[in-house]
Structure formats: structure tokens, C-alpha cells
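1. here are the coordinates; sequence isn't available:
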């Protein structure tokens, strides 16, 4: 349609120019009306249950079909080559369990792939660990550390936590695989969480490098995506004391917000809650239902955070094209020309499908509306070989052509937690996790 208007404009302009007399101004043609959005369904309508199946199955191919051919680990993104991600591989492991449980792949196939991954990670001649922690990125063929930045070339305790979250779920799932379970336990038990307190401070530090030491110097303080790090550190054979959680993560109560946005009270965190991955990454395994401690009820927290993000997009104070009750979700993702942690306080019109899709346990109706919109209405631009694209901007008519492991994985996993609670049940069944949560002051049925 836009091309037709352009041709018409050139014809009119040519005629006008050929007839005009010297000194006679040319009257420009009228501005053509904007092209109306195409609201037709791009795919045949199926039941919501079948659509959720399709999303999980299609997105699983990112981790199974596109897993690294040597290590089986998860590539950072579809353009990453040999670069694999430790945290994204943890999400990949959890996704494989969903695939086996829903018969998208066989249990034998899932077990074989996880065994390949664990065998690779266990080979200390290939994969260098830093006081037990893995680097953020590694080479999927050689195991060599790939620096995340010039000074971040060692252990990443948060990425390691995401990897272990997946490994512990696999340990609980494959009860028949004694050798695999032993290998996972060895990886899990050799992480020196207390080392990452940087000389016994009452907080955890994100990174350590053998040649850069603590130069990155970033504390793991809440509220953000890293609660899982403290839970695992408190659950380990050499656990951190509770004061490290209270002082470091909770900042002696500094994580408490209690501010109301759009009529919803937010217990913890920054203004408007921050990007939605805060409500996803740690809660792929940690079950927030009926979980509370001295600082919050975590179902209330995650639900409030998601609802505020949704309500912000519906209100659309920035007047961005396309924002609505069907098109919403701000989180860290690609954007046109870069990458950013999108949120109500960092909004440029970029919607990330993983934000609404992965929030389905918290906002089932709103998330399902968004899923239908992303698939049926704009699926010709957002849907593909590995599921939904990472992000889009309707105002600029920009649609990403890439996928990221840390955004694809939460979609499969959180849909499954919504449908069956599979990963929540597996992770919370770990006896050491129960002990760690209790030692940090958490309360929940079954602890």
C-alpha cells in the first residue's frame, strides 16, 4: 500500500511540474492516509491449550535442535556461533525437562542431552571454574572462558546460580540416573559461595577473576533477578549465614518499597517494579506461591510487579504505538540498534514477548490475551523457527530477527509452572533447598 501511494505521488508531481509556468508555485498533492494496521489473523485459530503447547514445543527447538553440537549447552542467541551461556544453559536444562514431560522429546533424548551438558561442564581440563563458579560465557566447543567484558573474565556467581537451578531440577527429575545425579552433586557441592563474600563481608559479590580479582566490585543486592543466588548460597554444604542475606540482599530492609502504582501496592523493589525478568529468573525454580519471609509475600510481590507493568502499558503515558491490554510487556531484551533493560522508567516503545508470556502464572488472563495478539495478529513478524522473536517496536515497524536463551527459556518454563507446577515442584523438592530457605527465615507449606 505504501509503495502504491509513493508511485501515485511521483506521477502527480511529474504532471504538475510539466504544466507549471516559470515562477508558478507547485501545489503538493494531498498527504495519503496512513496504512491501516492489518488485524487479520495470520494463523488458523486453535484452542488456548493447543497454543500453549505450540509455544512450548516450538521454543524448545532453540535448546534442543539449536543446542551446541559439542557441549549441548545453550547458545547466547541465534547469532552466537560457539559462544554459549551458563545461565541460559540452566534455563535450557529446565526446558528439556518440560519437553520430556510433555512428550515433545522422549525422556531418553532429554536425559542424553543433559548428560552431555553435565559431562562437558564436569571436565575441569576444558571448563575452568573460579572457586567453583562458572563464567558468564564459554566456548561451547572448547570450554574456554569467553570474557563478558574486559574485566569480567572469571566467575559469575549469578549466572552460576541460574545454571545450578536447572541442574538441581534435572537431578530431581532423573531419579533413575545415578551417575548423572552424582555428577550434578559434585558440581553443586564445589561452589564456594563464601569466597564470593569478598573477604567475609556480609554480602555477595557478582564476579571474581584470577587476574582482575574483585575489580568489577558489584554487590548482589536486591531487589532484582538474583534472589536465587542467596537461596542457593544458604542451601549449600558450606552455607552463608543469615546475616549475609539480611545485610547484603535485603539491605537491612532497604529492599522494601510499599509504594502504590496504578492502585497496586508493590512490596519490594524500584519504582514501578523494574523490568519483568525480576519476577521470572529466580522464580523459574523457587515457588512463590505462599512463600514469605520478613520482607514480603513473594506471590504478592511477583503478581503486583507484573500487574503494574501491565497497567503502565495500558495507560501508555509515553503514547507509544500499539500499547494496549493485548500488547504489553517491558523487560530486558534487544531493541532497535542495541539492548536494554526496558521498564516503565526506561521505556522507548519496545515490547518484549517474553515479558507477558513468562508472566502467565501471575496474570493468566492478561498474558493469554497478549499471547493471542503476538501469535495471531502480528505472528507473521514475531513468530518463527524458535518461537517468538525477542522484541519489536510497532511505532517504528521494527521486528527483531534474533532470539536469546535467557528470554526463550522462561517462556517454556513459566508456562509449565502455570500449567502443572513442574519446575517449582522439582526445585522445591530438594532437601537442601528446604533447609536453606528455612535458615533464611522463609515460610511456606512443606518447609
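-> Sure thing, it's come through. All of these numbers come straight from a predicted model, not from anything done at the bench.
2. List the contacts of residue 385.
-> Counting by Cβ atoms under 8 Å, 6 or more residues apart in numbering, residue 385 makes contact with 58, 61. Heads up, the C-betas are built off the backbone N, CA and C, glycines and all.
3. Let me see the confidence value for it.
-> Note on residue 385: pLDDT of 95.
4. Distance of it relative to residue 408?
-> Per Cβ to Cβ, to the nearest Å, residue 385 is found 11 Å from residue 408.
5. On the three-state scheme, residue 135 is what?
-> Counting by DSSP: H, G, I helix; E, B strand; the rest coil, the backbone at residue 135 sits in coil.
6. how close does it get to residue 152?
-> In terms of Cβ to Cβ, residue 135 sits 8 Å off from residue 152.
7. how many neighbours does the nearest residue to residue 320 once chain neighbours are set aside have?
-> Setting aside the residues directly before and after it, residue 320 is nearest to residue 349 in space (Cβ to Cβ, 6 or more residues apart in numbering), at 3.8 Å. A count of nearby residues for residue 349, using other Cβ atoms under 10 Å, gives 21.
8. How about residue 47?
-> Per other Cβ under 10 Å, the neighbour tally for residue 47 reads 8.
9. Could you tell me which residues make contact with it?
-> By Cβ under 8 Å, 6+ apart, the contact list for residue 47 is empty.
10. Model confidence score at residue 39, please.
-> Residue 39 carries a pLDDT value of 84.
11. Contacts only, for it.
-> Residues in contact with residue 39 (Cβ under 8 Å, 6+ apart) are residue 377.
12. Quick one: the strands in the stretch 251-400 of the chain, in order.
-> Here the stretch 251-400 of the chain has its strands, by DSSP state E, counting those that start in this stretch, at 256-261, 264-268, 332-335, 338-341, 383-384, 387-388, 392-393, 398-399.
13. Could you list every helix and strand in contact with the fourth one?
-> Translated: strand 338-341. strand 332-335 (3 or more Cβ pairs under 8 Å, 6 or more residues apart in numbering; DSSP states H and E).
14. where do the helices sit along the stretch 301-447 of the chain?
-> Using DSSP state H, counting those that start in this stretch, the helices of the stretch 301-447 of the chain run over 353-357, 364-372, 379-382, 405-419, 422-428, 431-439.
15. how deep is residue 244 tucked in, by neighbour count?
-> When neighbours are defined as other Cβ under 10 Å, residue 244 has 23 of them.
16. now residue 45
-> Every residue meeting other Cβ under 10 Å relative to residue 45 is counted, giving 9.
17. quick one, what contacts the residue lying closest to it once chain neighbours are set aside?
-> Once flanking residues are discounted, residue 45 sits nearest to residue 376: 7.2 Å by Cβ to Cβ, 6+ apart. Residue 376 sits next to 41-43, 45 when contact means Cβ under 8 Å, 6+ apart.
18. Kindly provide the distance from residue 227 to residue 291.
-> Distance of residue 227 to residue 291, computed by Cβ to Cβ: 10 Å.
19. so what sits against both of the two?
-> With Cβ under 8 Å, 6+ apart as the test, residue 227 and residue 291 reach no residue in common.
20. distance of residue 101 from residue 315?
-> Noted for residue 101: a distance of 38 Å to residue 315, by Cβ to Cβ.
21. How about residue 222?
-> Residue 222 is 27 Å from residue 315, by Cβ to Cβ.
22. where does the residue nearest to residue 387 when sequence neighbours are not counted fall, phi/psi-wise?
-> Spatial nearest neighbour of residue 387, excluding adjacent residues (Cβ to Cβ, 6+ apart): residue 59 at 3.4 Å. Per-residue torsions, residue 59: phi -70, psi -30 (degrees, to the nearest 10).
23. distance of residue 59 from residue 89?
-> 15 Å.
24. Between those two, which has more neighbouring residues?
-> Per other Cβ under 10 Å, whichever of residue 59 and residue 89 has more neighbours is residue 89, with 32 against 27.
25. My understanding was that that one contacts residue 75; is that so?
-> No. Residue 89 is beyond contact range of residue 75, at 9.2 Å (criterion: Cβ atoms under 8 Å).
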